[in-house]
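Q: Okay, sequence plus prediction incoming.
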Amino acid sequence: MADEQQVIEKPEPHEILAKGYTFGTITDQIAAVVLTKRTPLLWIVGIGTGFALLNLLLLSATLLFAKGVGIWGIRTPVMWGFAITNFVWWIGIGHAGTLISAILLLLNQKWRNSINRFAEAMTLFAVACAGMFPLLHMGRPWLFYWLFPYPNSTTVQPNFRSPLVWDVFAVSTYATVSALFWFVGLIPDLGTLRDRAKNSFAKYAYGMLAMGWRGSARHWSVYETATLLLAGMSTPLVLSVHTVVSFDFTIAIVPGWHSTFFPPYFVAGAIYSGFAMVLALAIPLRASYGLEGIITARHLDNCAKVMLATGMIVAYAYIMEVFMSWYSGSVYEQQAFWNRMTGPYSTQYWFLVTCNIVSPNLLWFKSFRSKPALLFLSSIIVLIGMWLERYMIIVSSLAQDYVPSSWSLFHATRWDWATYWGTIGLFLFLFFLFVRLLPMISIFEVRTLLPQAKVRQEVKR
Amino acid sequence: MSESPKKLDLAAVRARLEGARGREYWRSLEDLASAPGFRDLINREFPQQAIGWSEDENSDEGRRNFLKLMGASLALGGLAACTKQPAEYILPYAKQPEELIPGRPLFFATATTLHGVAHGVLAESHEGRPTKIEGNPDHPATLGACDAFSQASVLQLYDPDRSQAATFEGELRNWGAFFGALREALGAQAAKKGAGIRILTETVTSPSVADQMRQIQALYPAMKWHQWEPAGPHSARAGASQAFGQPTNTYYDFTNADAIVSLDADFLASGAGSLRYARQFSARRKVRGSDNTMSRLYVVEPMPTPTGSKADHRLPLRAGDVEEFAWALATALGAANGPKSGDNNDIYKWIGAIARDLQNHKGASVVIAGEYQPPMVHALAHVMNASLGNVGKTVFYTDPIEASPADQVASLQDLVKDLDAGAVDLLLVLGGNPVFNAPVEIGMRDRIQKAKLRAHLSLFADETSEFCQWHLPEAHYLETWGDARAFDGTVTIQQPLIEPLYGGRSMLQVLNMLTDKPLSTPYEIVKGYWAGQHKGADFEAWWRKSVHDGLVAGSALPAKTPAIRGGAIAAPAGTRRLGGTLEVIFRPDPTIYDGRFANNGWLQELPKPITKVTWDNTAIMSEFDARRLGLPIVDTLNYQADGVPMVELTYQGRTLRAPVLVQPGHANGAVTLHLGYGRTKAGRAGTGVGFNPYGLRMAQALWHDVGLVAKQASGTYQLATAQNEHVLDTRRHIYRHADLAEYKKNPEAPHEGAETPPPELTLYPGFDYSKGYAWGMAIDLTSCTGCAACVVACQAENNIAVVGKDQVRRSRDLHWLRVDTYYSGDPNNPGVYNQPVPCMQCENAPCELVCPVQATNHSAEGLNDMVYNRCVGTRYCSNNCPYKVRRFNFYLFSDFDTPSLKLLRNPDVSVRSRGVMEKCTYCVQRINEAKIDSERENRKVRDGDIKTACQATCPADAIVFGDINDPNSRVSKMKAEKLNYGMLADLNTRPRTTYLASLRNPNPEIEG
């Protein structure tokens, strides 16, 4: 931190931007992360870990393609294991970014301006990780394109009754819109970086990406329209993508899957885990890059509140799930939940209940919410809990379904873990690359938070 | 160049290399390299074409000639294309062999044998390749059904580990060399009248072999023929002699048997005639419409068997207690004078009721003694049957079917005595594996080496081959001529379907080498023998008919009524005090038998009836004993995580470590060990699998004895069970059953509490299946014994891959058809329920809905078709299949590389690659074949034209397939029965496969 002057004061808890910032210092501080500042240790450790794990992913994927999905622990009743668990988990994590960038934009929540950029990046990378799993988990992945409706000589089309085909559309739409939204939002900042870069290669690269952004009034007007439109398009995706993902389960007749309240339950869970990930990323980043003035305690507090709210929805869903299984009168449903709570997976079940229902109740306390270290811990717990939730839904429901003679328990192999950690590596690697190469906080949007930016409105009023 | 001392060319070397396997391969290579001929071969790089290039310039084949020829080759190179090919005639199908239509299989009648006894079968041949075994409907022993062993024998034929060449002390030799060595040894014997010749075979029923033995005996009067069959009916033989004073063969007829008592006899699933018995027994127990009577079966046995699972009353007793039970029953029947009560009240609790039931059905009852029960039990059974007037009605006696019905234990001990005395100059072991399976105290491994010249003829170079100088590759029964007798003496002439793959020869041929016409072909031997039996001008026609039909008409041995010998059961048994020690029980393994099928992947992977263990044997005991030994009781669902405990078994000073399987219904105080595992030289599938109970088995206690000491051993063991053990969940209505009386009162009794939703409760429009065919299947659970022959039949028919123990442990076996076993009631003596589960071919198939690429679809005839080529392997269909009948290729499980296994494949069924889902198709290839035939003849498919593989093989006739649009088809009639139900029909899947609820007919006099 020695290479920059500390002009700002410590922000008050309720502020979303510390006092003392000017347009110039905001730009300086954020752009410096990319252009001039010394790389902090966190970055080196982060990308190093990410790269190592990414290689593990490559290794396990190579083995997977060479030998087949048999290297995983899946088996006859439990045909989906880690792969689909990870898929749902990653997709869910992505949801927070879209929620922050789209819904909060439409709701004019100004505090989002400081966190939306990296949250969107997180979405994008989470979707990239998620998107790998449907491909990896296929028995014959080289034929993945058969899931797309493309004109072909056999005239055989995908089965539009299958939720997996819906998934293809939902996830690919989501990935496309998220990428567009993120990139469009980056353009003004890329212009800034282009203008401030000293290195000619950086100048050239940012210049290409900025697509001729000059910051003219006309550019801004088009930009605002495009952002609003994209926000409008993204908003339903926040709800629809995880709804469709939940259809993978609800359409099936497996006891423990077949239920009508999965869509809201999944969406709430997605946002829950997504905000946990936002916190898990923001807290170390702001600390190591000295960004406490821009990502303030207020941000953390707000994220924690969203987590608490969605966590309570999830808790309600758990309770309803158990109630409905009893109320259904179906022996299969009843036994599925009984097995979940008391059977071979009961340890994981009660652990996930602890993670997802019991532990977030600490967030009711303001004193808890105001301690970043505790929030970080809490968000990691929620991430683990939400992963376990998907694991529980998928594995325990499949392991013991209708015909007891076919029951068998899933046991994860080392390659299950390798693939999972590998995608975490991919995520970390991409995320830290992003942190190093692009402004992780939207410069121009944060600048609108300054009192100076409000002059016109105040005059108007 | 100097003449090379031995002519060695590439072909010969290749043959040598091909013949060698595994460890020997390397040994042979060294051998080869050190042989002078081989060095010479290496020097000459192209031994066949190029002329040798030696330093000796004077030779004709010298360098000069080489250069001359090179020049000529260059000059004439262009002309070579015009070389006239020699006239050699190949056989295109343009000149079609008679009756052979490419693409259509031919069926040839032959017979498989197990301990010498024939099962008449039809072997399916596709363009000269036998691919599948079906039962021969004309044969009395099979009646069209088939057992797992016969089904799997085609895999044995193509087993890549079969021995492929004759060897002498590990070195490759040819048959000529063996013949030379044999004649030399025989020459030395001529003077001593063959006193040094010993022939050791397994049980022989073959009339031709018997004839040859007579010829050899005539030439060498002092020669001795010994037989050893580790799992043969030794006690039955001795018991018959004890009862009648002469060797006698017994068989049964269950057509009119109303009350049956099995004294530890698994007559429905093992032993000669079991296929016929299962058919007759199940026919007597099918309840259809007004025909609602059933026979009643009482079973007394230590280890639950398929027969025990069908019992109306099953009494678990230690094997040694069965004798006391037999005495008590005979006493109650007034046929013997034994004790009326004893220490063990279990033995006596039902005696009165059973005896009354038997007496009410005089002449229509059977008492069967198990093959592994001591002679006294057999004698008592004979006495009881005689007193009940069953002889000639349900029980039949004939002369023995064995060519030499001698006491085999005594015979083996006699051989050992001679071996010890050094009297054996030439020992021919023809078939069998005595080093592995002879009683342990005999020490055959060391004893056999006392014979001066030893030769072993067998399909595999096994443990016995290792200790014989000569190993000779045996011809598989599908490769050669032969004959054998069935349970009633009916003779089948075995005909070959294929040339011996590896130049193997049959026992007949080897025996023939000892006779004065040593070089006859097996065809000449068998036909020659029968020409001597059936004299007359019509021999040729008779022969053709006998070979074609698969049996020699009228060759069944005539029934006789031997009188019970006075004093047959005079020796009173008294009550045997088994005391606190454990009993050890030896039984042949349900799938690999005495070990001979150890290298057969189909049988290794076949879940054993009742226990569902694959690829292993276990020390099977009751939960009571396991707890008493302080063993942890592992939940079967956690087998993979926890493993099962190990136990150390000590019997007569010998010890064995084995994994423990806790079996509900196993008698307390006993440990059952299945023989055949622990092979050390079986092949890639069988070597080192399981543990070897032969290591405890002594001649004095071939089948059971007390005095076993068991204690927990360290470590755990990973078992591969195909199914976890499950208590029948009555709320799920998966397996429905009722008592006959209950059902007669209320035909809805089996279905009480089950619901069937209205069929219109679905989002999707229905499909009109009423036009054309609508295929369906009905499975009668009353008939099914759970013998699992159908599973192997399905595997053979549908090219189902073997996945291996590790993959079975991960529940990745590929069997399209499985037999589920459930238990209900008292864990010490539960009801055992077997349920075969193929694909249900649901009309509202949950799997079809969720496949993203439409790889599984419904046909207009109601089949749930699986399109392998379209499958991308998301496995969603399997998740959504409530019956879990879909099987996934997690790896490349099918063997695409081994050449011999390619011959095995059914050409009408795709071989699945990795990453695709597969499942039961109702044998769609058979359906289409029948449809094509019917269309050509402009008619509809007739009921019974199509038999699925499982249906065709089912001994109990439990599975019926057909057109449910035809109200007169057998399957429609079965589905119209009140017993009919769909498994999980409450999910509105509308399964095409339905079940007929299982009925039992308990004796109202007996509680529980």
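A: Everything's here; your move. Numbering: from 1, shown residues only, chains lettered A, B, ... in the order given.

Q: Can you get me a residue count around A:Thr62?
A: A:Thr62: 10 surrounding residues under other C-beta atoms under 10 Å in any protein chain shown. In short, each C-beta sits where N, CA and C put it, glycine included.

Q: How much space separates it from A:Ile393?
A: Going from A:Thr62 to A:Ile393 by C-beta to C-beta, to the nearest Å gives 30 Å.

Q: do B:Gly804 as well
A: 31 Å.

Q: who's more crowded, the two?
A: Looking at B:Gly804 and A:Ile393 with other C-beta under 10 Å, you find the greater number of neighbours at A:Ile393, namely 25 against 19.

Q: confidence score at the more buried one?
A: In this model, A:Ile393 is scored at 92, pLDDT.

Q: quick one: it and A:Trp257 touch, right?
A: Yes: if you go by C-beta atoms under 8 Å, A:Ile393 and A:Trp257 touch, sitting 7.0 Å apart.

Q: Common neighbours of the two, please.
A: Shared contacts of A:Ile393 and A:Trp257, defined by C-beta atoms under 8 Å, 6 or more residues apart in numbering or on different chains, are found at A:Phe249.

Q: quick one, helices of the stretch 651-800 of chain B?
A: Secondary structure of the stretch 651-800 of chain B, counting by DSSP state H, counting those that start in this stretch: helices at B:740-745, B:789-797.

Q: Next up, the contacts around residue 289.
A: In the absence of a named chain, chain A is used. By C-beta under 8 Å, 6+ apart, the contact set of A:Tyr289 is A:33, A:37, A:40, A:440.

Q: wrong one, chain B
A: By C-beta under 8 Å, 6+ apart, the residues touching B:Gly289 are B:Glu977.

Q: Now do the SS call for B:Tyr502.
A: coil (DSSP: H, G, I helix; E, B strand; the rest coil).

Q: ugh, wrong one, I meant B:Glu935
A: With three-state DSSP as the criterion, B:Glu935 reads helix.

Q: show me where pLDDT drops low in the chain?
A: With no chain named, the answer covers chain A. Counting by pLDDT under 70, chain A has low-confidence residues at A:1-13, A:455-461.

Q: try again with chain B
A: Chain B contains residues with pLDDT under 70 at B:1-97, B:571-580, B:1008.

Q: longest strand in it, by residue count?
A: strand B:704-717 (DSSP state E).

Q: Can you list the strands that that one pairs with?
A: As defined by DSSP bridges, the strand partners of strand B:704-717 come to strand B:582-588 (antiparallel), strand B:644-651 (antiparallel).

Q: Could you list the buried residues of the last one?
A: I take that to be strand B:644-651. B:644-647, B:649-651 (16 or more other C-beta atoms under 10 Å in any protein chain shown).

Q: Find the helix or strand that the residue of the stretch 151-300 of chain A found nearest chain B is a member of.
A: Nearest residue of the stretch 151-300 of chain A to chain B: A:Leu164, at 3.8 Å (C-beta to the nearest C-beta). Per DSSP states H and E, A:Leu164 falls inside helix A:163-196.

Q: which secondary structure elements does the next helix or strand after that helix contact?
A: Using DSSP H and E, the helix or strand that follows helix A:163-196 in sequence is helix A:200-210. The contact analysis (3 or more C-beta pairs under 8 Å, 6 or more residues apart in numbering or on different chains; DSSP states H and E) places helix A:200-210 against helix A:163-196.

Q: returning to what we had before: which positions in the helix holding A:Leu164 come out as buried?
A: Across helix A:163-196, burial judged by 16+ other C-beta under 10 Å covers A:163-171, A:174-175, A:177-178, A:181-182, A:185-196.

Q: Just give me how far it sits from the chain centre.
A: Mean C-alpha position of helix A:163-196 versus that of the full chain (C-alpha atoms, centre = their mean, to the nearest Å) differs by 14 Å.

Q: angle of it against helix A:200-210?
A: Comparing the axes of helix A:163-196 and helix A:200-210 via axes from the mean of the first three to the mean of the last three C-alpha atoms, to 10 degrees yields an angle of 130 degrees.

Q: Give me the nearest residue to the closest residue to chain A within the stretch 851-1000 of chain B, chain neighbours excluded.
A: Going by C-beta to the nearest C-beta, chain A is nearest to B:Gly873 of the stretch 851-1000 of chain B, at 1.7 Å. For B:Gly873, ignoring the flanking residues on the chain, the nearest one in space by C-beta to C-beta, 6 or more residues apart in numbering or on different chains is A:Gly139 at 1.7 Å.

Q: does that neighbour really touch B:Tyr876, like I thought?
A: No: counting by C-beta under 8 Å, A:Gly139 stays clear of B:Tyr876, with 11.1 Å between them.

Q: one step back: buried stuff in the longest strand of chain B?
A: Buried residues in strand B:704-717 (16+ other C-beta under 10 Å): B:704-706, B:708, B:710, B:713, B:716-717.

Q: wait, what's in contact with residue 197?
A: Unless you meant another one, I'm taking chain A. Counting by C-beta under 8 Å, 6+ apart, A:Ala197 has contacts A:35, A:203, A:206.

Q: hm, I was asking about chain B
A: Applying C-beta under 8 Å, 6+ apart, the residues contacting B:Ile197 are B:186, B:189, B:220, B:222-224, B:425-426, B:428, B:514.

Q: Got phi/psi on the residue in chain A that chain B sits nearest to?
A: Nearest to chain B in chain A, going by C-beta to the nearest C-beta, is A:Gly139, at a distance of 1.7 Å. Note on A:Gly139: backbone dihedrals following degrees, to the nearest 10 are phi -70, psi -40.

Q: cool, and the one 5 residues further on?
A: Main-chain dihedrals, A:Phe144, degrees, to the nearest 10: phi -60, psi -30.

Q: I figured it hits B:Gly873, correct?
A: No: using C-beta under 8 Å, A:Phe144 is not in contact with B:Gly873, being 10.2 Å away.
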